[in-house]
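K.L.:
Okay, structure incoming, though there's no sequence with it:
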């Protein structure tokens, strides 16, 4: 998981997320990441890292060569998210393109995500991924979660979210504990 400082950033999952407590600039320890620009950016990154941690396709500080080696023999469009080694960028999208594995910086500006070189912006990283999965170019097709089979719980969670949608989780006739589990990763990707 990405660590921007020594503070634990826990975000509650009782429906829409509560703001994370973000560190003041003076308490941020030295990392390869730039300091947060403001509270809003801190909350966005904290929430995104939390979701990515539960996605199965977030590989953390994986370098570009290792990412490309992992993707080289996989089907076209297979992708993963990793930490960027560039000082002013948090994440990188690596995917298997027709010409071979490719990596693109995931930029964050004014509370929105975009791919480097793209004019399309999204308030959520997973909205960006859904857009490129559904695009006619089919640049992205499926996430790479490694060789370990996914647990039945993970598969069921994605199926429930796909069937009912993220916005319907609070209305589902299930226990509070199950709703909390769904909120840990409320996406079908």
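P.N.:
Looks like it came in fine. Computed from a prediction, not measured in an experiment: that's the story for all the values here. Numbers count the residues shown, from 1 in each chain.

K.L.:
in this structure, which spans are helices?
P.N.:
Assigned by DSSP state H, the chain shows helices spanning 39-55, 64-71, 125-134, 152-164, 176-184.

K.L.:
Show me the contact partners of the shortest one.
P.N.:
Helix 64-71 is contacted by residues 59, 62, 78-80, 82, 85, 92, 94-96, 100-101, 103, 144 when judged by Cβ atoms under 8 Å, 6 or more residues apart in numbering. Where you see a C-beta, it was placed from the backbone N, CA and C, and this is true even at glycine.

K.L.:
ok, back up a step: out of the helices of the chain, which is closest to residue 113?
P.N.:
Among the helices of the chain, the nearest to residue 113 by Cβ to Cβ is helix 125-134 (4.9 Å).

K.L.:
which residues of the protein score low on pLDDT?
P.N.:
Applying pLDDT under 70 to the chain flags the ranges 1-37.

K.L.:
for it, which strand is longest?
P.N.:
In the chain, taking DSSP state E as the definition, the longest strand is strand 100-109.

K.L.:
quick revisit: kindly reformat the helices of the chain as TSV containing distance to residue 109 and mean neighbour count.
P.N.:
Putting these into TSV (distance: least, Cβ to Cβ, whole Å; neighbours: other Cβ atoms under 10 Å) gives the following:
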stretch	distance to residue 109	mean neighbour count
helix 39-55	9	19
helix 64-71	23	16
helix 125-134	13	18
helix 152-164	28	14
helix 176-184	27	15
